[in-house]
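> missing the sequence, but the structure's below:
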Ligand code: PMP
């Protein structure tokens, strides 16, 4: 991996640096996207870019370039690194300011960073046999503090939940809302299968509206699988027939145990396997050409 885009230039990875005075470093004052390219096409790039601009608007951060140009930055980052299959991290920061919080001191000099690389979030075997998860004590941040729909660089609650999972000998955590409803994983959305129906938390619970989540719901509908956006609690998790997480980095990964309780038969279920295989076919077929 060689070149990283920073503010209009491609620089070698070793030289790809942002200032310690950038408010992304000092305060997490930034928004980002995780995007994937498969087979020379960037999957649902427009949706990712729309979400990035919405996240930015929600935090009063003006992105001064048009969406089309941002899409080209992503594609060009793949081209420059000869990547047909890539994980792309696009970050827009508040920019360089002083040591105070006031974003006006950054004079609107937001930085745009785009890194095209590879990712293997979980070892391959877990996609076959499923992973173990816990329900975390750390709650998903709620709308009155920072809307979960905003993909900002404030991932500390997610990281705390991830540490809880690792400490418990698991790979992923399920985060609850303040009211105790299931929201999502630390960097992925969650789906539950119960009696043939595919269920996923309603956006009103407070989730990031995942690009993968949407694709999975569309695929399920095409397959005639009933889909419900609903409110679920720990009971629904423990009594599910199947559970899986979805995300750009995670793709579709089965969950076979939660809080030491076996989910369904304790192996990836048929609907999970079907949707995973349809998703892996879909990502190779559509997307913004690199
Ligand atoms: N929730 C959170 C908190 C995430 O960070 C992600 C990863 N972007 C997702 C869900 C999944 O979203 P997507 O399918 O768009 O990657």
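Noted; the coordinates are in hand. These figures come from a predicted structure and were not determined experimentally.

> Tell me if stretch 270-280 is near the ligand.
No. Stretch 270-280 lies out of reach of the ligand by Cβ under 6 Å from any ligand atom, never closer than 10.5 Å. From N, CA and C alone the C-beta is placed, and that goes for glycine too.

> mean confidence for that stretch?
Mean pLDDT, computed over stretch 270-280, is 98.

> and residue 149, how many residues sit next to it?
15 (other Cβ atoms under 10 Å).

> Looks like it contacts residue 208 (just checking).
Yes. Applying Cβ atoms under 8 Å as the test, residue 149 and residue 208 come out as touching, 6.2 Å apart.

> What parts of the stretch 101-250 of the chain come near the ligand?
So the stretch 101-250 of the chain meets the ligand at 158, 184, 187-189, 208, 210-213, 246-248 (Cβ under 6 Å from any ligand atom).

> Pick out the most distant pair among those residues.
Taking Cβ to Cβ as the measure, those span a maximum distance of 17.3 Å, between 158 and 211.

> On the C-terminal side of the longest helix seen in the chain, identify the next helix or strand.
Using DSSP state H, we find that the single longest helix of the chain is helix 270-285. Moving toward the C-terminus from helix 270-285, the next helix or strand (DSSP states H and E) is strand 288-289.

> strand partners of that next one, parallel vs antiparallel please.
Applying DSSP bridges, strand 288-289 is found paired with strand 41-42 (antiparallel).

> what packs against the next helix or strand after the strand it pairs with?
Toward the C-terminus, strand 41-42 is succeeded by helix 45-58 as the next helix or strand (DSSP H and E). Applying 3 or more Cβ pairs under 8 Å, 6 or more residues apart in numbering; DSSP states H and E, one finds that helix 45-58 makes contact with strand 30-38, helix 67-80, strand 86-93, helix 211-222.

> contacting residues around residue 36?
Contacts for residue 36 were tallied using Cβ atoms under 8 Å, 6 or more residues apart in numbering; they are 42-43, 86-88, 248-249, 283.

> Now the closest residue to the ligand within the stretch 1-150 of the chain: closest residue in space, sequence neighbours ignored.
Residue nearest to the ligand within the stretch 1-150 of the chain: residue 34 (4.8 Å; Cβ to the nearest ligand atom). Spatial nearest neighbour of residue 34, excluding adjacent residues (Cβ to Cβ, 6 or more residues apart in numbering): residue 248 at 4.8 Å.

> With that, I have no additional questions.
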